[in-house]
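1. Pasting the sequence and the predicted model now:
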Amino acid sequence: MTIITIQSSYSPSRIQVIKNTNSVIKHANFDQFPSWVSLKTTTTSSVKLEHKQGQVENLHLVSLSKHGKLNEAFEFFQEMDKAGVSISPYTYQCLFEACRELKSLSHGRVLHDRMRMAFENPSVTLQNCVLLMYCECGSLVDADKLFDEMPELNAVSRVTMISVYAGKGLLGKAVGLFSRMLESGDKPTSSVYTTLLKSLVNPSVLGIGRQIHGHVIRAGLCNNASIETGILNMYVKCGWLKGAKLVFDQMAVKKPVASTGLMVGYTQAGRARDALKLFVDLLTEGVEWDSFVFSVVLKACASLEALNLGEQIHACVAKLGLESEVSVGTPLVDFYIKCSSFESACRAFQNISEPNDVSWSAIISGYCQMSQFEEAIKTFKSLRSKNAAVLNSFTYTSIFQACSVLADCNIGSQVHADAIKRSLIGSQYGESALITMYSKCGCLDDANEVFESMDNPDIVAWTSFISGHAYYGNASEALRLFENMVSCGMKPNSVTFIAVLTACSHAGLVTQGKHYLDMMLQNYNVAPTIDHYDCMIDIYSRAGLLDEALEFMKNMPFQPDAMSWKCFLSGCWTHKNLELGEIAGEELRKLDPADTAGYVLPFNLYTRAGKWEEAAEMMKLMNERMLKKELSCSWIREKGKIHRFIVGDKHHPQTQEIYEKLKEFDDFMEGDVFQCSMTERREQLLDHSERLAIAFGLISATGNARAPIKVFKNLRACPDCHEFAKHVSLVTEREIVIRDSRRFHHFKEGQCSCNDYW
DNA sequence: CTAGGGTTAG
């Protein structure tokens, strides 16, 4: 039979070739069956054939089972019963095999019952087929029962059970059976070793792994390449890299498979340099290449952000013509993204001839890392409509992230529903991303629902939810959650404390903030970093305790960084302290000349004090350094469409109505305006972007006129508009939610959830 | 026997 003229196109992956070969052979065999085998009528009506002890019937059953037509086969049993023809053991084997392939436990059980009736003492081989069927159909209970009942066991039966135990993580049972096998004198086959080794996947079972290694040596199987590699990988997974290296060094022939395993070990342990060193060794030794090696090496380069080295490897890949391979192209995309070379990443992606789900998830998460969230969502949508099969839980997680940054709950919840339908919410990753998404959209109830639905929320999920409350200004709820989490036995990490300190900061809880900062190391063994100290500076500064903040900065175990001064400066602005603000501004400009806050806030401080010259100096400095103040912008979603407004915006088609609506609040504005010292500012106040957005929200009250008006703003809420929103919420009895660049403000009956503290 | 993509912060 001529086979394997498959795939004229180049296919360098070994596994793919083998898989294809198998399927071709199988197909060829059974497509060549003569047509009469599938003709029920012929066989049953033919008296002649019946005399051949049912050979034809059995052959027919074999054919049906090879084609997975189990129902038809089962129907045919009746015909056979009628004709008094019995099913041969070989036919049973084929039928069990079909049940396995189709994972049909129900067919398997019926068949097993039938087999028991037919044979008093079925052969071990046949019993093993049933055993394997139960294992592969996922019924360990049935398999266990049969295994106990079997009067005779051979190596295959034991191997089958060992591998199913090992695969299910029932290590004790697997190892127990292995020992009994040794005791019984049965020599474990090499596949027993490889399966057992594969199931040893964490440091707690290193001891068992070493013992098995010992048995391998005694059994003289050390030169078996797959067992050798299995041992190496076992040591990698059990975290014993030294052992893995020893095994590697003793290998007679260094195959790329083993090297890949060791390199993966190094990369996962954060030892990317060692992985690359090994790669260079292989290079000089002239070891053959395969795409797996490249993917690991590229990952190592990505983690080191070693752009130059990675580019050299890229050149190597290109020379070998592997650029278009998914297995190399995909890690290449990720490598460029991690190095922030976005253009190269896009080019690398375009070079992949057949991108798969991993490739797509890499590029979509890349868009997120490039802050091209709209592009990420656009790509997702187009894939969703054209080729939904390439979407996986990784991609959904990235989209949730994109929606949280865009605060787009509309798309977000739809994608969430879609992910539920397709069971593609990554456990932990996806769920935490959803909690963040709903929190950032101001839907804490939905975030809560996701959180509550988790069986075992991990530290990231807890942290997401705590930050959600912090973001919303629910300090007490955030702290209650934290304590609750601790009592559940969860260990907070460094990010958790950022969330806790942020909560304190947003609510002005100075003493509590200091308490948590002090407790970090003492009680929770988490070393505070400069970020945590910056949070504390923020807490002091916001609370107006500027001297304390300064003192704290002097005594903290880190040099103040740009963020330290920025927090302090922002406190100086809030609490109108020009003197300290000048110092802070100078320090901030020194440490981060590109941060506009270092110019804008001092400028505001100067103008408020009437120091025009100094203020002008700030503007001049900014212009010289080619910096631009970010324009204040607010937006609101109406029927899924986003309406954006900037100061004094008159581009909106309903501009006239919007300004008329604003006039209704003139009385209130009068008092407001008198507080301002600058004419220019006074005029701008009337058409600040958030006011325009609120007014638009009021006039376009569709459907549910009682639904809160949700406004988003790119900068921090302006105090005057904050007052305005409080007033509007009182006189219109509409709830208003403003999400500024830092947090949520929830206005209700003339009050804001932030208690005027932000 | 070996790989590549995703979560929490200001």
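-> Alright, I've got the coordinates.

2. going forward, measure contacts between C-alpha atoms and count neighbours the same way
-> OK.

3. Can you pull out the low-pLDDT segments for the stretch 101-250 of chain A?
-> Judged by pLDDT under 70, the stretch 101-250 of chain A has no weakly predicted residues.

4. So which residues of it form helices?
-> Ranges of helices in the stretch 101-250 of chain A, per DSSP state H, counting those that start in this stretch, are A:105-118, A:124-136, A:140-149, A:155-167, A:171-183, A:190-198, A:206-218, A:225-237, A:241-250.

5. quick one: which helix or strand includes whichever residue of the stretch 351-500 of chain A sits closest to DNA strand B?
-> Nearest residue of the stretch 351-500 of chain A to DNA strand B (Cα to the nearest atom of the strand) works out as A:Gly426 at 3.0 Å. Assigned by DSSP states H and E, A:Gly426 belongs to no helix or strand.

6. Repeat that for the one 5 residues further on.
-> Assignment of secondary structure by DSSP H and E places A:Glu431 within helix A:429-440.

7. Give me the contacts around that helix.
-> Contacts with helix A:429-440, where a contact means Cα atoms under 8 Å, 6 or more residues apart in numbering, come from A:393-394, A:396-397, A:400-401, A:403-405, A:407, A:409, A:412, A:416, A:425, A:444, A:446-448, A:450-451, A:454, A:460-461, A:464-465, A:468-469, A:471-472.

8. which of those residues are buried?
-> Neighbour-count burial within the contacts of helix A:429-440 applies to A:393-394, A:396-397, A:400-401, A:403-405, A:407, A:409, A:412, A:416, A:425, A:444, A:446-447, A:450-451, A:460-461, A:464-465, A:468-469, A:471-472; the criterion is 16 or more other Cα atoms under 10 Å.

9. The helix or strand harbouring A:Ala300 vs DNA strand B: in contact?
-> Using DSSP H and E, A:Ala300 sits in helix A:291-304. Yes - Helix A:291-304 comes into contact with DNA strand B (Cα under 7 Å from any atom of the strand), by way of A:291-292, A:295-296, A:299.

10. Among those residues, which pair sits farthest apart?
-> Farthest pair in those (Cα to Cα) is A:Ser291 and A:Lys299. Separation: 12.5 Å.

11. now the residues of helix A:291-304 next to DNA strand B in CSV, with neighbour count?
-> Converted to CSV, the residues of helix A:291-304 next to DNA strand B look like this (neighbours: other Cα atoms under 10 Å):
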residue, neighbour count
A:Ser291, 19
A:Phe292, 17
A:Ser295, 21
A:Val296, 26
A:Lys299, 22
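
12. between those residues, which is nearest A:Met251?
-> Nearest to A:Met251 among the residues of helix A:291-304 next to DNA strand B: A:Phe292, at 19.3 Å, using Cα to Cα.

13. Which pLDDT does the model give that closest one?
-> With respect to pLDDT, A:Phe292 scores 92.

14. just checking, it touches A:Val326?
-> No - if you go by Cα atoms under 8 Å, A:Phe292 and A:Val326 don't touch, sitting 10.8 Å apart.

15. who's in contact with the helix or strand that comes right after the helix holding A:Ala300?
-> Per DSSP H and E, the first helix or strand lying C-terminal to helix A:291-304 is helix A:307-319. Outside helix A:307-319, the residues within contact range by Cα under 8 Å, 6+ apart are A:294, A:298, A:301-302, A:323, A:328, A:332, A:335-336, A:339.

16. Helix A:307-319 near DNA strand B anywhere?
-> No - judged by Cα under 7 Å from any atom of the strand, helix A:307-319 stays clear of DNA strand B, getting no closer than 13.0 Å.

17. List the buried residues of that helix.
-> By neighbour count on 16+ other Cα under 10 Å, the buried set for helix A:307-319 is A:307, A:309-311, A:313-314, A:317.

18. a markdown table please, covering the residues you listed and showing pLDDT.
-> What follows is the buried residues of helix A:307-319, written out as a markdown table (pLDDT from 0 to 100):
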| residue | pLDDT |
| --- | --- |
| A:Leu307 | 95 |
| A:Leu309 | 94 |
| A:Gly310 | 95 |
| A:Glu311 | 96 |
| A:Ile313 | 94 |
| A:His314 | 95 |
| A:Val317 | 93 |
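
19. would you turn the residues you listed into a markdown table with distance to A:Ala695?
-> Below are these laid out as a markdown table (distance: Cα to Cα, whole Å):
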| residue | distance to A:Ala695 |
| --- | --- |
| A:Leu307 | 50 |
| A:Leu309 | 55 |
| A:Gly310 | 53 |
| A:Glu311 | 53 |
| A:Ile313 | 57 |
| A:His314 | 55 |
| A:Val317 | 58 |
